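A.B. asks: what's the 3D shape of this:
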Amino acid sequence: MPREGGDKEERGRVLVVGGGRETPGACLLAGTAALRAGAGKLQVATVACVAPLVAALIPEARVFALKETKAGRLAKSACAELEEHLDKTQCVCVGPGMIEDESVVAFVEGTLRLCRDVAVVLDAGAIACLGGGGKLLHALGGRAVVTPNVEELADIYGEAKEKISAGPPEAARRAASDFRAVVVLKGRETYVASPSGEVYVNRAGTVGLATSGSGDVLAGLIAGLVARGADPLRAAAWGVHLHALAGEHLGERMGTIGFLARELLAEIPPLMSELSRGKRRVGEPRWSAV
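C.D. replies: Take a look at the predicted model:
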């Protein structure tokens, strides 16, 4: 918990980078999740055509308009516009709402090269830039968290989805070693692996979490915890578990399926308060080391 009298600067700043003409809401979900996790400040960088909308929907954020392609996606050259905004940023969440194409991959590659001293959470369409082994993340020195599902990780390695599904803890551990980053391999059981070989499994949650926008909430939640000072492994592990518990809460009140990703957001602060005060028991079989 933050110290009494502490200000928003002490709780860190998150920069969410993503979105597009077709997917402006993803930045809203990720950015709001970062604030719900306790981050002190939020900035959002998105395509110019939706920047005013995003600014109106997240009045707590400072929103930057970036160059876009004719398709309304981030242009390759737009990464150069980000450099001045990385100053004093503790975590950059790249990918929510990005739809994979050549310009997006080039944009993400350029952005990662700018993040010399900043932690990064890589999600959604941004994950496509890791094809060939994720060497782009090596320069970050372990300050990255990557959040693929089984299909996305299979695409990165050019392997069958079934191979990853057959051994998810081993797949997560291999990817974390290859990427030199924390890997969150999402699924009904989500595995969180560190470059040093630690692996944790989260068994909490509900099938209702498999819904549009849920991954954006998770990425923003992890970014918010990193900005507050948690190391990438700790932020990823607790972000995954908070996300799962939020789904359980909604499932109990609203039904197993049918709740919305945006409804997860209000569940996060009270859950963090419960966990920090030891009111909620965490352990086998819902959350454990592998």
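A.B. asks: Could you check how far Pro96 is from Arg62?
C.D. replies: 17 Å (CB to CB, to the nearest Å). C-beta: built from backbone N, CA, C; applies to glycine.
A.B. asks: between the two, which one's more packed in?
C.D. replies: Pro96 (33 against 14; other CB atoms under 10 Å).
A.B. asks: Next, give phi and psi for the more buried one.
C.D. replies: Dihedral pair for Pro96: phi -50, psi 130, per degrees, to the nearest 10.
A.B. asks: before we move on, what about Gln43?
C.D. replies: Torsion angles, degrees, to the nearest 10, at Gln43: phi -120, psi 150.
A.B. asks: I'd guessed Leu122 sits against Val146; true?
C.D. replies: Yes: using CB atoms under 8 Å, Leu122 makes contact with Val146 at a distance of 4.8 Å.
A.B. asks: Can you pull the residues that touch both of these two?
C.D. replies: 130, 137, 181 (CB atoms under 8 Å, 6 or more residues apart in numbering).
A.B. asks: List the contacts of the first one.
C.D. replies: In this case it means Leu130. The contact partners of Leu130, by CB under 8 Å, 6+ apart, come to 122, 136-137, 146, 156, 179.
A.B. asks: try 10 Å this time
C.D. replies: Counting by CB atoms under 10 Å, 6 or more residues apart in numbering, Leu130 touches 105, 108-109, 112, 122, 136-137, 146, 148, 152-153, 155-157, 175, 178-179, 181.
A.B. asks: Drop anything exposed from the residues you listed.
C.D. replies: By neighbour count, with 16 or more other CB atoms under 10 Å, the contacts of Leu130 hold 105, 108, 112, 122, 136-137, 146, 148, 152-153, 155-157, 175, 178-179, 181 as buried.
A.B. asks: quick one: which of those sit in strands?
C.D. replies: Among the buried ones among the contacts of Leu130, DSSP state E puts 122, 146 in strands.
A.B. asks: among the buried ones among the contacts of Leu130, which are in helices?
C.D. replies: Among the buried ones among the contacts of Leu130, the members falling in helices (DSSP state H) are 105, 108, 112, 152-153, 155-157, 175, 178-179.
A.B. asks: burial measure for the closest residue to Arg13 other than its chain neighbours, as a count.
C.D. replies: Computed as CB to CB, 6 or more residues apart in numbering, the closest residue to Arg13 that is not its neighbour in sequence is Lys41, at 4.1 Å. Neighbourhood size, Lys41 [other CB under 10 Å]: 20.
A.B. asks: and if you look at the one 3 residues further on?
C.D. replies: Other residues within reach of Val44 by the criterion other CB under 10 Å amount to 27.
A.B. asks: Correct me if wrong: it contacts Ile58.
C.D. replies: Yes: under the criterion of CB atoms under 10 Å, Val44 makes contact with Ile58 at 6.6 Å.
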